[in-house]
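Chemist: how does the following fold in three dimensions:
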Amino acid sequence: MRKVLLFSILSIALFACGGGNSPEGTVKKVFDLYKQGKIQEARPYFNDVHSLFFDMFEEGSKEVTPQALERIKAKFQNYKVVEGKTTINGDEATVSYTDDKGEEGTLPLKLIDGVWILQVTPTGW
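Modeler: Take a look at the predicted model:
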């Protein structure tokens, strides 16, 4: 279960979703929600592969303690979208971000029914 939590933390860090009609807006929105500890509110911005993580929070899993939630919130405090580095190719996009260590990464998104959705895969990180 610890691996699932770590995987979820990394995936969240790597993927984001939107408050706007842009890939960057989605990622910024997801990062903001995680910074506030509003994990469930980010669920609509992730593909179905990520649903196990959200189910753990819904079911009040013993593995998701208040301390684990605080770690997630703290981890995302310094995550930021790198402006001007997003690429969009039709209904697919890649958003660049920096993590809590200042390292740059990218997050893949897909436009589905007018909403940019993070495309999380277990082997994608």
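Chemist: next, count neighbours for Lys110.
Modeler: Residues contacting Lys110 under the criterion other C-beta atoms under 10 Å number 15. C-beta here means a position set from N, CA and C on the backbone, and glycine is covered the same way.
Chemist: could you pull up phi and psi at it?
Modeler: phi -130, psi 140 (degrees, to the nearest 10).
Chemist: which non-adjacent residue is nearest Tyr34?
Modeler: Phe76 (4.2 Å; C-beta to C-beta, 6 or more residues apart in numbering).
Chemist: how many other residues sit next to that neighbour?
Modeler: There are 23 residues near Phe76, going by other C-beta under 10 Å.
Chemist: gap between Phe36 and Leu109?
Modeler: I think there's a mix-up here, since residue 36 is Gln and not Phe. The gap separating Gln36 from Leu109 is 21 Å, by C-beta to C-beta, to the nearest Å.
Chemist: quick one, strands of the chain?
Modeler: Here the chain has its strands, by DSSP state E, at 80-81, 87-89, 92-98, 104-112, 115-118.
Chemist: of all the ones you listed, which one is nearest Val30?
Modeler: Of all these, strand 115-118 sits nearest to Val30, with 7.0 Å by C-beta to C-beta.
Chemist: please enumerate the helices of this structure.
Modeler: 2-14, 23-35, 51-58, 66-75 (DSSP state H).
Chemist: which strands or helices does the second one pack on?
Modeler: I take that to be helix 23-35. helix 66-75, strand 80-81, strand 92-98, strand 104-112, strand 115-118 (3 or more C-beta pairs under 8 Å, 6 or more residues apart in numbering; DSSP states H and E).
Chemist: and of these, who's closest to Gly25?
Modeler: Between those, strand 115-118 lies closest to Gly25; by C-beta to C-beta that is 7.5 Å.
Chemist: in the closest one, which residues are buried?
Modeler: Going by neighbour count (16 or more other C-beta atoms under 10 Å), the buried part of strand 115-118 is 116-118.
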